[in-house]
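*Asks:* quick one: sequence and predicted model below, then my questions.
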Amino acid sequence: MSDEALSFPGQSVESYDTTSRLDSDYYAVFSDIPADDRVAWDRAKAYIDEVGPQMADAWDRAEYPLDAARRMGEMDLVVDGIEHPSLTRLSPLAAGLVNMEISRGDGSLGTVLAVQGGLALRTLALFGSPEQQEKWLTGMADGSVFGSFALTEPDHGSDSVSLETVARRDGDTWVIRGAKKWIGNGSSGGVTFVWARVDDEGAAEHGAVRCFLVEQDTPGYIGTPIRGKGSLRAIHQAHILFDDVRVPLDAVLPGTKSFRDASTVLYATRSGVAWSALGHATACYEAALAYSTQRVQFGKPLAKFQMVQERLTHMLEDLTAMQLYCRRLADLETAGALRPTQASLAKFHNTRAARRIASLARDLLGGNGILLENGVMQHMADIEAIHTYEGTESVQALLLGRDITGMSAFV
């Protein structure tokens with residue numbers, strides 16, 4: 001956030017010492033970061049310092065700055081803790097901090113990371129053939145090839161297991177037919193990992209869900225950016241039609257055998273959404289705190305009013321809890337002890353808490369809270385998207401409910 005964005009008529013930013021107050025890590029949750037992890041975190045900060053200034057305008061214009069997305073790969077920031085000999089290894093803590101920092105700078109870029117690294121690159125690294133990985137892995141990691149993960153359909157969002165996109169065998173090809181929606185990078189000219197149900201009567205795998213690598217310039221692949229979004233406006237998410245798209249038999253990712261494999265990828269990225277929410281919330285809290293110390297009303301800074309101090313305390317309460325959730329997630333994942341429902345609880349808690357913080361911050365900034373230059377309004381809108389994707393609040397609650405009661409409410 002620039003000094004100019006938080007300066008107001010008749011006063012100077014230098015009038016108030018906000019440096020110490022802007023330390024949002026009240027419990028020192030991140031004070032003992034190992035040196036290697038801090039290097040990755042600092043690299044994410046440098047990335048946001050470099051590309052962040054262009055993002056508010058891109059968000060306002062609903063334009064996807066592909067150069068900024070590529071730069072993320074060039075700075076080796078999309079590997080998302082994926083374990084693969086060809087990728088830089090980030091610890092779960094380092095991957096989380098990178099996610100947090102990028103989302104703190106811009107939510108659309110945070111979603112680029114989630115799509116390019118968390119979903120697409122992870123799918124290829126976990127399930128792709130050696131030949132597929134040799135051809136595409138490095139390019140996706142360095143940002144020269146855009147990747148997308150096509151699971152959600154127009155009629156199947158939360159009910160993604162009921163997907164209707166099908167792939168049928170026809171000689172030495174697969175023919176894919178169906179539609180997908182909300183697919184980040186799905187119209188950006190790269191490759192798409194398409195989850196489809198096998199339609200091959202009599203075959204052992206008939207009805208199984210598998211993943212297919214489809215180049216976006218393949219005939220019959222029609223990806224159209226979704227317009228009119230009020231959230232994540234600086235990344236294009238596509239509505240994709242597959243009109244008898246033909247791909248070779250080796251386009252299928254051999255490691256994918258069922259919907260459970262798609263779930264494996266989603267579980268791995270659910271922690272990332274909790275970290276992303278923390279980044280958004282941190283930006284909102286810091287903007288509100290800085291504003292309250294600089295904005296003078298009725299002859300004194302807003303920060304001297306009791307109501308303002310109480311609101312800041314409520315925000316800090318939620319923010320500190322979010323930090324503790326994320327740090328514990330990283331510890332559990334490092335120990336190999338993280339269960340999917342533990343990631344669900346962190347996502348459930350953190351996106352809800354981020355909404356509360358953003359709402360309080362927007363209100364505290366008054367009329368200035370709706371200006372994009374102050375950041376809060378953009379983060380507030382973007383939080384609405386991450387609150388929904390990777391499993392809605394209701395779905396997370398049902399996953400947790402099933403885990404703690406032993407009874408499923410899904411069927």
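*Replies:* Perfect, I can see it now. Residues are numbered from 1 along each chain as shown.
*Asks:* rest of the way, CA atoms for contacts and neighbours
*Replies:* OK.
*Asks:* next, K135: secondary structure please.
*Replies:* Recorded secondary structure, K135: helix (DSSP: H, G, I helix; E, B strand; the rest coil).
*Asks:* try the one 10 residues further on
*Replies:* Each residue gets one of three states, and V145 gets coil by three-state DSSP.
*Asks:* what do you get for V247?
*Replies:* Three-state secondary structure (criterion: three-state DSSP) places V247 in strand.
*Asks:* repeat for S108
*Replies:* Three-state call for S108 (three-state DSSP): helix.
*Asks:* now it: how far from Y325?
*Replies:* Separation of S108 from Y325 (Cα to Cα, to the nearest Å) stands at 23 Å.
*Asks:* again with G73
*Replies:* Distance of G73 to Y325, computed by Cα to Cα: 28 Å.
*Asks:* so where's the stretch 301-411 of the chain uncertain?
*Replies:* Counting by pLDDT under 70, not a single residue of the stretch 301-411 of the chain qualifies.
*Asks:* switch the cut-off to 80
*Replies:* Low-confidence regions of the stretch 301-411 of the chain, defined by pLDDT under 80, span residues 411.
*Asks:* can you show me the helices along it?
*Replies:* 306-334, 340-364, 376-388, 393-405 (DSSP state H, counting those that start in this stretch).
*Asks:* would CSV of the ones you listed with distance to A62 and mean neighbour count be doable?
*Replies:* Listed next are the helices of the stretch 301-411 of the chain as CSV, based on distance: least, Cα to Cα, whole Å; neighbours: other Cα atoms under 10 Å:
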stretch, distance to A62, mean neighbour count
helix 306-334, 29, 18
helix 340-364, 21, 23
helix 376-388, 12, 23
helix 393-405, 26, 15
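*Asks:* quick one: closest of the ones you listed to Y267.
*Replies:* The minimum distance between Y267 and those falls on helix 340-364, with 5.7 Å, by Cα to Cα.
*Asks:* check contacts around the residue lying closest to P219 once chain neighbours are set aside.
*Replies:* Spatially, and ignoring its direct neighbours in sequence, P219 is nearest to V245 (6.2 Å; Cα to Cα, 6 or more residues apart in numbering). The neighbours of V245, taking Cα atoms under 8 Å, 6 or more residues apart in numbering as the test, are W174, V175, I176, R177, T218, P219, G220, Y221.
*Asks:* wasn't the second one part of a strand?
*Replies:* Yes: remark: V175 belongs to a strand, assigned using three-state DSSP.
*Asks:* next, the buried residues of the helix or strand harbouring S276.
*Replies:* Secondary-structure element containing S276, defined by DSSP states H and E: helix 259-294. When burial is assessed from 16 or more other Cα atoms under 10 Å, helix 259-294 yields the following buried residues: 259, 261-262, 265-294.
*Asks:* tell me what the nearest residue to T256 once chain neighbours are set aside is bridged to.
*Replies:* Counting by Cα to Cα, 6+ apart, R210 is the residue found nearest to T256 once chain neighbours are left out, at 5.3 Å. Note on R210: beta-bridge partners A196, judged by DSSP bridges.
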